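>>> got a predicted model here, sequence first, then my questions.
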Amino acid sequence: MNSNIDIAKRIASSLNCTLSKEVLKTFAEILVPEKYKKGERILDEGQVCDSLYFIDKGMTRQFYFKYDKDLTEHIGYEDAIIVCLESYFNEEPTKLMIEALEPTIAWKINKNEIVHLASINSEIGTLYRRIFENSLITSQRKADTLRFEPANERYNKLMQQHPEILKRAPLIYIASLLQMTPETLSRVRSSSLIS
């Protein structure tokens, strides 16, 4: 398993942040490794999301139930940061759950600890802000794709930007993520293999 310092460097690098050695060490001290089995819930409905999670190894999905349907909101894998934003900021029970799709190692970043560090250190403050900037940009791009692009373009965009999801995630969750039926996903995949 990677060390806290290695993970701190990866997090900073993934967010295009430069942290001094001293600050990197301070940040690394609040990172806690957690191991999850395939199918295990990292966050369950009704819990309050009080941490961010950086995926070191493995894959997770964020999902919720609506009208008795299991709907996948997001799939994350190595070097992604996962969080249920509404629960995290409002400190309210979540409806959005996080589940490990593979055996997963995720490094937990407790909200109170990072908020405290961000308030006393501008480098950590910048890193913390970038986490949410990236999350908002990702959400906006996804919303635009789902609103304005046909099924085949949604699939092609996922194939270009996140081929790991197509290689590793179950098709039922990929279809849900792309807001299409498994049958539509099958047709789109077949046509993209032909072209």
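Arrived safely, thanks for sending.
>>> the residue nearest the centre of the chain and residue 49, how far apart?
By CA atoms, centre = their mean, the chain has its centre lying nearest to residue 82, at 3.4 Å. According to CB to CB, to the nearest Å, residue 82 and residue 49 sit 9 Å apart. In this view, the C-beta of every residue, glycine as well, is placed from N, C-alpha and C.
>>> which secondary structure elements does the host helix or strand of residue 64 sit against?
Using DSSP states H and E, residue 64 sits in strand 59-66. Counting contacts by 3 or more CB pairs under 8 Å, 6 or more residues apart in numbering; DSSP states H and E, strand 59-66 is packed against strand 69-77, strand 97-100, strand 104-110, helix 163-168, helix 171-177.
>>> between strand 104-110 and it, find me the angle.
70 degrees (axes from the mean of the first three to the mean of the last three CA atoms, to 10 degrees).
>>> any residues touching strand 59-66, and which ones?
Contacts of strand 59-66 with the rest of the structure, by CB atoms under 8 Å, 6 or more residues apart in numbering, involve 36, 42, 45, 53, 70-77, 82, 84, 95-102, 104, 106, 164-165, 168-169, 173, 176-177.
>>> okay if I get the helices and strands packed on strand 59-66 as JSON lines plus distance to residue 124 and mean pLDDT?
Formatted as JSON lines, the helices and strands packed on strand 59-66 follow (distance: least, CB to CB, whole Å; pLDDT from 0 to 100):
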{"stretch": "strand 69-77", "distance to residue 124": "22", "mean pLDDT": "93"}
{"stretch": "strand 97-100", "distance to residue 124": "24", "mean pLDDT": "97"}
{"stretch": "strand 104-110", "distance to residue 124": "11", "mean pLDDT": "98"}
{"stretch": "helix 163-168", "distance to residue 124": "29", "mean pLDDT": "94"}
{"stretch": "helix 171-177", "distance to residue 124": "32", "mean pLDDT": "94"}
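>>> so which of those is nearest residue 89?
strand 104-110 (14.7 Å; CB to CB).
>>> okay, now the sheet partners of that closest one, with direction.
strand 31-36 (antiparallel), strand 51-57 (antiparallel) (DSSP bridges).
>>> any idea how far the longest one is from the chain center?
Think strand 51-57. 8 Å (CA atoms, centre = their mean, to the nearest Å).
>>> now stretch 155-171
That offset, for stretch 155-171, works out to 14 Å (CA atoms, centre = their mean).
>>> end to end, how far does that stretch reach?
12 Å (CA to CA, to the nearest Å).
>>> any idea how far residue 83 is from residue 33?
Applying CB to CB to residue 83 and residue 33 gives a distance of 17 Å.
>>> got any ranges where this structure has weak pLDDT?
1, 193-195 (pLDDT under 70).
>>> the residue nearest to the centre of the chain and residue 52 touch, don't they?
Yes - applying CB atoms under 8 Å as the test, residue 82 and residue 52 come out as touching, 7.4 Å apart.
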